[in-house]
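Q: Could you work out the structure for the sequence below:
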Amino acid sequence: MAKAMKLRKRKVGTSKLKKLKKACDRLITEIFTGQPCEVCKSQGRIETFRTCGHHACNKSLSAYYRHVPKNIVVLCPKHHMFSNDIAPHSGNIRAIDAFVDWLKEHRPDAWHCIETYKLHTGDYLGIDFYEERLEILKKLKGE
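A: Numbering: from 1, shown residues only. Here you go, the predicted model:
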C-alpha cells in the first residue's frame, strides 16, 4: 500500500506580506536614522553608531504600531542604551524610569501607543494594512 503524501498548506500572499513588512522596516529605519536625538538634540555618534529610531511600544508587543511614525523616538546611542541618567535600554532601572517619565512629558503621542497597544492585539494585519503603511512611510520619506 502506497503511503499517502502529506500536502503542505500554503497561505496565500505570505511572501507578498513578508516583502511588505520588510519594505516598511527598511523605510522606517531610513527615515529616522541620523535624525537629531529627541533628548539632547545631538546626532550622537559613538564610534560607528548613529542616532536611530526607538520603538516606544516594543515591536514584539505590537505589530500594529511597529511602523507608525508617532511610535518612534529618535535617540542617540547614549540616550538609547549607554546613559545611566535616561535610556530605555540601560541596565540601570532609574535610567529606564527616567525615560518613561520623559516620554510621558515630551512625547505623549508615543506614550499613547504604549497605553493603547492592547486594543489592537489580535487584529489581522494583512496585505492591505501593510500596503497602506508603506504608502504613508514613502510619503514621509519623500519618495
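
Q: chain center to the helix ranked longest in the chain: distance?
A: When the chain is parsed with DSSP state H, its longest helix is helix 14-32. Chain-centre distance of helix 14-32: 11 Å, with C-alpha atoms, centre = their mean, to the nearest Å.

Q: same question, stretch 134-143
A: Centroid displacement of stretch 134-143 relative to its chain, using C-alpha atoms, centre = their mean, is 16 Å.

Q: which residues are in contact with that stretch?
A: Contacts to stretch 134-143, defined as C-beta atoms under 8 Å, 6 or more residues apart in numbering, come from residues 20, 23-24, 27-28, 30-31, 67, 69. In this view, the C-beta of every residue, glycine as well, is placed from N, C-alpha and C.

Q: what about that stretch, average pLDDT?
A: Here stretch 134-143 scores 91 as its mean pLDDT.
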